[in-house]
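**Q** okay, structure incoming, though there's no sequence with it:
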């Protein structure tokens, strides 16, 4: 959803100032594809068609904001629940492995965070977006940098000896679990923002 465009209208000039009472004012000058111009300011619009479009756009933004807030809460719940479970497992491992477990938890954080970065940059390479002005080589450099930090995360996990996460009867390697959670984090981020981008 573009701020500068509304339907066949686009902003051609932004004017800011103050009124006689010293209050901040603004005026947006819009131009239609057919050449018409309209002024939009504090509480008024000189063209009824543009006024209706702006009202619809405002409603869409408010609806998207409500959905985004709900999805953000879901994402935080998922990611925080996983972190709470890992910290509980880390506390149990702390009894046998000592304070070195903290390095494994730090390594997991690095693995999840930078795996998210890898998947984010891979997505931007495969599905180019007009929101990004970077060249493909910059994405490759970012991916390479993230992979280095994932390797460091793996090294920290090995030092801490908290290598596996117990889920019921399964023993999941903490490294690969962190990579999977990085993918999930990236998917959740896209899920939160997809409607805004599509609009």
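**A** Cool, the structure landed. Since the structure is predicted, the reported quantities are computational estimates derived from the model, not experimental observations. Numbering: from 1, shown residues only.

**Q** can we go C-alpha only for contacts and neighbour counts from here?
**A** Will do.

**Q** show me this protein divided up by domain.
**A** Residue ranges for the structural domains of the chain, counted by automatic domain parsing, are given in the record as 5-46, 63-198.

**Q** tell me the most buried of the ones you listed?
**A** Per-residue neighbour counts averaged over each of these give the maximum for domain 63-198, namely a mean of 17 (mean count of other Cα atoms under 10 Å).

**Q** quick one: strands adjacent to the helix or strand of the chain at the bottom of the mean pLDDT ranking?
**A** Per-element confidence for the chain was summarised using mean pLDDT, DSSP states H and E. The lowest value among helices and strands belongs to strand 5-6, with a mean of 74. Based on DSSP bridges, the strands next to strand 5-6 in the sheet, each with its direction, are strand 9-18 (antiparallel).

**Q** and for the partner strand, what's in contact with it?
**A** 4-5, 24-33, 50 (Cα atoms under 8 Å, 6 or more residues apart in numbering).

**Q** what does stretch 159-168 give?
**A** For stretch 159-168, the surrounding residues in contact (Cα under 8 Å, 6+ apart) are 86, 89-90, 93, 97, 99-105, 157, 171-175.

**Q** please apply the same query to stretch 105-112.
**A** Residues outside stretch 105-112 that contact it (Cα under 8 Å, 6+ apart): 86-87, 90, 149-157, 162, 174-175, 178-182.

**Q** below-threshold pLDDT in the protein: ranges please.
**A** Applying pLDDT under 70 to the chain flags residues 1-4, 19, 128-136, 195-199.

**Q** so which elements touch the biggest helix by length in the chain?
**A** The single longest helix within the chain, with elements called by DSSP state H, is helix 48-97. In this structure, helix 48-97 makes packing contacts with strand 5-6, helix 101-126, strand 164-167, helix 174-198, judged by 3 or more Cα pairs under 8 Å, 6 or more residues apart in numbering; DSSP states H and E.

**Q** nearest to residue 20, of the ones you listed?
**A** The stretch from the helices and strands packed on helix 48-97 with the least distance to residue 20 (Cα to Cα) is strand 5-6; that distance is 30.5 Å.

**Q** what sits up against that closest one?
**A** Applying Cα under 8 Å, 6+ apart, the external contacts of strand 5-6 come out as 11, 50, 53, 54, 57.

**Q** check contacts around residue 117.
**A** Contact criterion Cα under 8 Å, 6+ apart gives 142, 143, 146, 182, 186 as the residues in contact with residue 117.

**Q** between the residues you listed, which sits nearest residue 71?
**A** When the contacts of residue 117 are compared for distance to residue 71, the smallest value, 13.3 Å, is given by residue 186; criterion: Cα to Cα.

**Q** how near is the nearest residue to that closest one once chain neighbours are set aside to residue 176?
**A** Once flanking residues are discounted, residue 186 sits nearest to residue 116: 5.4 Å by Cα to Cα, 6 or more residues apart in numbering. Relative to residue 176, residue 116 is positioned 13 Å away (criterion: Cα to Cα, to the nearest Å).

**Q** need the three-state assignment for the residue of the chain most remote from its centre.
**A** Ranked by distance from the centre of the chain (Cα atoms, centre = their mean), the top residue is residue 20, with 42.0 Å. Classification of residue 20 by DSSP: H, G, I helix; E, B strand; the rest coil places it in coil.
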